[in-house]
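Novice: Build me a structure from this.
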Amino acid sequence: MSRELLVILFDSLALPIYGQSENIRMLKMKRFLVVFLFIGCQNTFSQSIEILGRVESTSDIENIHVINKTAQVFTITDKEGHFSITAKLNDILSFSSIQYKLKEIVVSENIIKNKAVFVFLDEQINELDEVVVGKLLSGDLMADITNVEGKAPINFYDVGIPGYTGTPATQSERRLSEAGIFKPKMLLGLLAGGVPLNPIINGLSGRTKMLKKRVDIETRETLMQSIKSRLSKDFFASNPLDEALKMDFFYFCADDENFIKICENQTDFKILIFLRMKYKQYLANYNASKK
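Specialist: Presented below is the predicted three-dimensional model:
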């Protein structure tokens, strides 16, 4: 309540005014209390508070992005769909994820009063046009067999050869594997002639070290690009940064010696904690460089 309004209200309640009855003074007092309570309620609803929420759906509810579009605050849900976010009356909360339809709700007085919100998300169903591949079958088995073209592909299982089914190695990873890993004890085995020369030569020449560094750079670049494509939009919604600096920020994160250990095969929640820590460091460095 403003100071001017309080002065006006108290002046209107001044008792030493001749000719003013007790009923009139009581009426003014009641009006004052009504105005005071009304403004008090307004102040309560206009302040940001922490709201606890839960998201439910028929599928996975972890890592749902929750954004307060009004206050530019961002968080994500845990594996049970729980989250907490600061908001005030009439703020707009946005819920987004690849597998769900975008949903927005307005913070109501009921939400502020209960300090809680429950949201159900609908799955995003992408319907594709019907595509016919190959020739149509007539229902006549003998006729359809004679109509088939080409041969079925043969894989290593068909001929009994063991094969690799993991992620294909990059060129740098293959070269590092071919170079071998040098160990000092190999020098002793060299005298007996039972140790391959490649690991020793590559280790002493520095080629193995160079290949390890190249693999590390490629791993960081791939991981950084993956994080950028998934989290960039929502992260910068609550952590503003000039467009020209955003790419530099992600390279700054990738240069951290613990970047791969902290971010590889981790949940978006843990990655966001790391990004927020690096964001503060990046701004501090950037502001210091401008002085």
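
Novice: switch to C-alpha atoms for all contacts and neighbour counts from now on
Specialist: Will do.

Novice: Flag every buried residue along the one helix or strand residue 284 maps to.
Specialist: When secondary structure is defined by DSSP states H and E, residue 284 falls within helix 268-290. Of the residues in helix 268-290, those scored as buried under the neighbour-count criterion (16 or more other Cα atoms under 10 Å) are 268-269, 271-272, 275, 278-279, 282.

Novice: Can you tell me what sits against that helix?
Specialist: 63, 76, 78, 231, 235, 239, 249, 252-253, 262-263 (Cα atoms under 8 Å, 6 or more residues apart in numbering).

Novice: Any regions of this structure where pLDDT drops low?
Specialist: Low-confidence segments of the chain, defined by pLDDT under 70, are located at 1-46, 126-208, 211.

Novice: ok, back up a step: okay, the buried residues of helix 268-290 in TSV with distance to residue 103 next?
Specialist: As requested, those are arranged in TSV below (distance: Cα to Cα, whole Å):
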residue	distance to residue 103
268	20
269	20
271	24
272	22
275	25
278	30
279	28
282	32
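
Novice: Residue 70: which of these is nearest?
Specialist: Using Cα to Cα, the shortest approach to residue 70 within the buried residues of helix 268-290 belongs to residue 272, at 20.5 Å.

Novice: I'd like to know how far that closest one sits from residue 266.
Specialist: Shown here: residue 272 relative to residue 266, a distance of 10 Å by Cα to Cα, to the nearest Å.

Novice: what touches both of the two?
Specialist: In the contact map built from Cα under 8 Å, 6+ apart, no residue is linked to both residue 272 and residue 266.

Novice: Look up phi and psi at the closest residue to residue 109 other than its chain neighbours.
Specialist: Closest residue to residue 109 apart from its sequence neighbours, by Cα to Cα, 6 or more residues apart in numbering: residue 89 at 6.4 Å. Recorded main-chain torsions at residue 89 are phi -60, psi 130, according to degrees, to the nearest 10.

Novice: do the one 3 residues further on as well
Specialist: Note on residue 92: its backbone torsions stand at phi -110, psi 120 [degrees, to the nearest 10].

Novice: now it, which residues is it bridged with?
Specialist: Beta-bridge pairing for residue 92 (DSSP bridges): residue 106.

Novice: need the contact list for it.
Specialist: By Cα under 8 Å, 6+ apart, the contact set of residue 92 is 68-70, 104-107.

Novice: Check which helices and strands the lengthiest helix in the chain sits against.
Specialist: Looking only at the chain and at elements set by DSSP state H, the helix with the highest residue count is helix 207-238. Helix 207-238 is packed against strand 65-68, strand 73-76, helix 171-179, helix 197-205, helix 243-254, helix 259-263, with contacts defined by 3 or more Cα pairs under 8 Å, 6 or more residues apart in numbering; DSSP states H and E.
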